[in-house]
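Chemist: generate coordinates for the sequence data below:
(one chain, ligands or ions: 1)
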Amino acid sequence: THRLAVLISGTGSNLQAILDAIDAGELPARVSLVLSNKAGAAGLARAERAGVPAQAIDHRGFPDRASFDQAMIERIDAHGADTVVLAGFMRILSPGFVRHYQGRLINIHPSLLPKYPGLNTHARALEAGDREHGCSLHFVTDELDGGPLIAQARFPVAANDTAETLSEKVQAREHRLYPQVLRWRAQQRLQMTDQGVELDGERLPAQGFQ
Ligand code: GAR
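Modeler: A predicted model of the protein is given here:
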């Protein structure tokens, strides 16, 4: 079975969507490890409830980013991971970590990349007067939120949307899109190549997913 290591920092609603999809038989994979850099993260309890190994690893206990990332690598590889899933993991990863999982490291980001890498994406979309907003899944490279796109979900921004309602709308899309993309990975249909992203050997268009 395709093994997923899921990295979180907080609520873990995307983790929950992944666990539910596995439970429902919609995602032929198993979660080998949930790793959080925050000890109290609600996502850890979700993992435990699902009977999945869950660990916290506090970055503050390490002298620098590289040694924290090395400790994460050791834990992830001890459990085995065919795909490393960033699901609300809120720390920047070192080049060594990204290189180690090159081509099997996927992130979800709450904006229509390349718009709004980084934080506060919903407020920034509102401030810019954007008429649409959404989320993006991408393979991770050294460039922050800049790796090749796998899929996006987009929706129109309503006149009365706030950062909070946008966040809810984005998350509803995220919870559908992440299991779908991970299903492609589990079926060995989705790869990162030098050219970009391929699904079934065809270059993936970055857009047009719902
Ligand atoms: C998600 O909306 C995800 O897109 C975002 O954090 C949220 C985590 O929610 N990720 C980032 O902002 C990455 N920089 P969750 O913990 O409930 O899955």
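Chemist: ok, longest helix in the chain?
Modeler: Among the elements of type helix in the chain, defined by DSSP state H, the one spanning the most residues is helix 163-186.
Chemist: just the buried residues of it, please?
Modeler: Judged by neighbour count (16 or more other Cβ atoms under 10 Å), helix 163-186 contains these buried residues: 166-167, 169-171, 173-175, 177-186. Quick note: C-beta positions are derived from backbone N, CA and C, even for glycine.
Chemist: just stretch 73-87 next, same as before
Modeler: By neighbour count, and taking 16+ other Cβ under 10 Å as the criterion, the buried residues in stretch 73-87 are 73, 76, 79, 81, 83, 84, 85, 86, 87.
Chemist: next: stretch 47-55.
Modeler: So for stretch 47-55, counting by 16+ other Cβ under 10 Å, buried means 47, 50, 52, 54.
Chemist: tell me what the next helix-or-strand element following the longest helix of the chain is packed against?
Modeler: Of the helices and strands lying after helix 163-186 in sequence (DSSP states H and E), the nearest is strand 190-193. If contacts are counted by 3 or more Cβ pairs under 8 Å, 6 or more residues apart in numbering; DSSP states H and E, strand 190-193 sits against strand 196-199.
Chemist: list the contacts of residue 106.
Modeler: Residues touching residue 106, when contacts are defined by Cβ atoms under 8 Å, 6 or more residues apart in numbering, comprise 83, 84, 85, 86, 137, 138, 139, 140, 150, 181, 182, 185.
Chemist: so which of the residues you listed are in strands?
Modeler: The strands in this structure, assigned by DSSP state E, contain 83, 84, 85, 86, 137, 138, 139, 150 from the contacts of residue 106.
Chemist: ok, which stretches of this structure are strands?
Modeler: Residue ranges of the strands in the chain, as given by DSSP E, are 2-8, 29-36, 54-56, 83-86, 105-109, 132-139, 149-156, 190-193, 196-199, 202-203.
Chemist: out of those strands, which is closest to the ligand?
Modeler: strand 105-109 (4.6 Å; Cβ to the nearest ligand atom).
Chemist: mind checking if the closest one is in reach of the ligand?
Modeler: Yes - among the residues of strand 105-109, 108, 109 lie within reach of the ligand under Cβ under 6 Å from any ligand atom.
Chemist: quick one: strands adjacent to that strand?
Modeler: Looking at strand 105-109 with DSSP bridges, its partner strands are strand 83-86 (parallel), strand 132-139 (antiparallel).
Chemist: how far away is the closest residue to residue 61 other than its chain neighbours from residue 114?
Modeler: Closest residue in space to residue 61, ignoring its immediate chain neighbours: residue 68 at 8.0 Å, by Cβ to Cβ, 6 or more residues apart in numbering. Note on residue 68: its distance to residue 114, by Cβ to Cβ, to the nearest Å, is 28 Å.
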